[in-house]
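Participant: Please work out how this folds:
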Amino acid sequence: MKKLINKKRREFLDYLEEIRGYSDLTIKSYNEAITEAIEDIEIYEKNNNIIFNLMPYRIKIASLNKKTISKKLSAIRSFSTFLNENGMKTILKADDSIKVARTLPKPISHKNILEALKLATTDEKLVVILLYTLGLRISELLSLKIEDISDEWIRVIGKGNKQRDIPLIKSTKILLDEYLSTHYVKNYLFEKNDEKLSENILRYKVAKVFKRVSLKVTPHQLRHSYATSLLNESAPIADVSELLGHSSMATTQIYTKLGSALKQQNYNKAHPLCGIK
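Facilitator: So this is what the prediction gives:
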């Protein structure tokens, strides 16, 4: 039975890549979670259904933090949904969800981004600028094609191969033209040997830029910074949600909470009675 499940696991990973358009990093995490789980899950047939009893696996991972457990279980649920949709009826047992407190993302201040950019090469600067001024996911940046870039807009292919158009500011277009004048690229904006670069290479570029100003920054934090800046300057949440490629405005609402938290901090610093004991 587990040999069959492993075969279906590979089909599921192909589906995530080819149909859903998931990034290599996301597919890797799904693969690791499902492969690990299959070793411990009790799998058996009952009434023409395949039962996945998750209890042995949940006991094994019980010492991990809640967020990690939640991600692993989410991968298994997605796999089960895929099996059911493809004629292999499965039922999950001991599938109680884990409550995980939603944490606010940590944006990087505009001032710190400008400081880091002063010390960046053209290549590094372009990566940071595109993430910060377009609010892209790292996978979306890697998938940018030359043909999708115009003078005023960039067409982005997001999750599930959904397209969206994002305004391209003039200074970013100038930087893009400068980069393209010194780099021969065939299809993708960031490529090597006619293939798009790996996520790790671009992540490293971002980390290196901000390390020079003693900061640890990820590409996703620049996306957070983009969203937070727009909302703090009163951009409509519906517009920001569309620009980010969110499937629901509920996802975007976490940034409004972040904006409120920043306003509270600024208030505490500014008001003369704050801080008086």
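
Participant: contacts, neighbours, all on C-alpha from now
Facilitator: OK.

Participant: which residues in the stretch 1-150 of the chain form helices?
Facilitator: Taking DSSP state H, counting those that start in this stretch as the criterion, the stretch 1-150 of the chain carries its helices at 2-18, 24-40, 55-60, 66-85, 110-118, 122-134, 138-142.

Participant: next one: the stretch 151-277 of the chain
Facilitator: 170-182, 199-211, 219-232, 237-244, 249-270.

Participant: can you tell which of the helices of the stretch 1-150 of the chain is closest to Lys205?
Facilitator: Closest to Lys205 of these is helix 122-134 (C-alpha to C-alpha; 5.9 Å).

Participant: Just the CA coordinates for that closest one, please, in CSV.
Facilitator: These are the backbone C-alpha positions of helix 122-134, laid out as CSV (Å, rounded to 0.1, in the frame of the first residue of the first chain):
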residue,chain,number,x,y,z
THR,A,122,23.5,47.0,-10.0
ASP,A,123,22.5,43.3,-9.9
GLU,A,124,21.8,43.3,-6.2
LYS,A,125,20.0,46.7,-6.4
LEU,A,126,17.7,45.4,-9.1
VAL,A,127,16.7,42.4,-7.1
VAL,A,128,15.9,44.4,-4.0
ILE,A,129,14.1,47.2,-5.9
LEU,A,130,11.9,44.8,-7.8
LEU,A,131,10.9,43.0,-4.6
TYR,A,132,10.2,46.3,-2.8
THR,A,133,8.5,48.3,-5.5
LEU,A,134,6.4,45.4,-6.9
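
Participant: what angle do it and helix 219-232 make?
Facilitator: Angle of helix 122-134 versus helix 219-232, following axes from the mean of the first three to the mean of the last three C-alpha atoms, to 10 degrees, is 40 degrees.

Participant: So for Ala207, what's the nearest residue that isn't a sequence neighbour?
Facilitator: Leaving aside its sequence neighbours, Ala207 sits nearest to Val217 (C-alpha to C-alpha, 6 or more residues apart in numbering; 5.8 Å).

Participant: how close does the residue most central in space within the chain get to Met55?
Facilitator: Residue closest to the mean C-alpha point of the chain, counted by C-alpha atoms, centre = their mean, is Arg137 at 5.3 Å. Arg137 is 35 Å from Met55, where distance means C-alpha to C-alpha, to the nearest Å.

Participant: which residues does the residue lying closest to Asn187 once chain neighbours are set aside contact?
Facilitator: In space, and not counting its chain neighbours, Asn187 is closest to Lys145: 5.5 Å by C-alpha to C-alpha, 6+ apart. Shown in contact with Lys145 (C-alpha atoms under 8 Å, 6 or more residues apart in numbering): 187-189.

Participant: Can you tell me which of those residues lies closest to Asn49?
Facilitator: Relative to Asn49, and with distances defined as C-alpha to C-alpha, the nearest of those is Tyr188, at 45.1 Å.

Participant: picking up where we left off before, any chance of a markdown table for the contacts of Lys145, columns distance to Ala120, pLDDT and neighbour count?
Facilitator: Putting the contacts of Lys145 into a markdown table (distance: C-alpha to C-alpha, whole Å; pLDDT from 0 to 100; neighbours: other C-alpha atoms under 10 Å) gives the following:
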| residue | distance to Ala120 | pLDDT | neighbour count |
| --- | --- | --- | --- |
| Asn187 | 25 | 89 | 16 |
| Tyr188 | 22 | 91 | 19 |
| Leu189 | 18 | 91 | 23 |
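
Participant: which parts of stretch 52-72 are buried?
Facilitator: With burial defined by 16 or more other C-alpha atoms under 10 Å, the residues of stretch 52-72 counted as buried are 52-55, 57-58, 69-70, 72.
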